[in-house]
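Asker: Predicted model and sequence below, questions to follow.
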Amino acid sequence: MTLTVSDKIQDNKLVIYCEGRIDSTNANIFEEKLAAVIGEDKNKFIIDFEKIAFVSSAGLRVLLIAAKKVKPTGGAVILTGLSAEIQEVFDISGFTAIFSIYKTVEEALASY
């Protein structure tokens with residue numbers, strides 16, 4: 001399964017939508033998108049995982065790198081739409097302590 005990554009401005013905030021799987025074969029696509037966003041001086045954004053079926057350690061690494069890059073500037077990577085399986089991976093890996101996680105994009109936008 002391929003990975004599709006797109007973005008949209010909602011309520012004057014950047015939301016990145018992902019669909020498919022994030023694994024070692026395509027994590028570079030995800031990494032390039034986040035690097036481009038951060039390179040545009042966006043230090044706070046939402047990533048919607050509602051249509052992500054799987055995240056490998058390669059995908060987790062990309063998220064961690066992004067979080068480390070935006071933190072010094074007061075930024076944040078906000079995640080939404082994690083399935084129960086992906087939420088469990090985040091719980092076990094300790095990533096729930098690193099990221100703000102919301103059920104929906106709307107909830108994340110309201111907390112911004």
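Answerer: It's in.
Asker: Please, where are all the helices along this structure?
Answerer: Assigned by DSSP state H, the helices in the chain fall at 27-39, 57-70, 84-93, 105-111.
Asker: among those, which is nearest residue 46?
Answerer: Of all the helices of the chain, helix 105-111 sits nearest to residue 46, with 4.8 Å by CB to CB. C-beta: built from backbone N, CA, C; applies to glycine.
Asker: by contact count, what packs against the closest one?
Answerer: strand 13-22, strand 44-55, strand 76-80, strand 100-102 (3 or more CB pairs under 8 Å, 6 or more residues apart in numbering; DSSP states H and E).
Asker: Run through the protein and note the low-pLDDT ranges.
Answerer: Counting by pLDDT under 70, the chain contains low-confidence residues at 1.
Asker: just to revisit the earlier point, in TSV, list the helices and strands packed on helix 105-111 along with mean neighbour count.
Answerer: Formatted as TSV, the helices and strands packed on helix 105-111 follow (neighbours: other CB atoms under 10 Å):
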stretch	mean neighbour count
strand 13-22	19
strand 44-55	19
strand 76-80	22
strand 100-102	17
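Asker: okay if I get those strands as JSON lines plus distance to residue 2?
Answerer: Putting the helices and strands packed on helix 105-111 into JSON lines (distance: least, CB to CB, whole Å) gives the following:
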{"stretch": "strand 13-22", "distance to residue 2": "5"}
{"stretch": "strand 44-55", "distance to residue 2": "11"}
{"stretch": "strand 76-80", "distance to residue 2": "21"}
{"stretch": "strand 100-102", "distance to residue 2": "25"}
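Asker: Can you tell me which of these is nearest to residue 86?
Answerer: Within the helices and strands packed on helix 105-111, the stretch nearest residue 86 is strand 44-55; the backing value is 5.6 Å (CB to CB).
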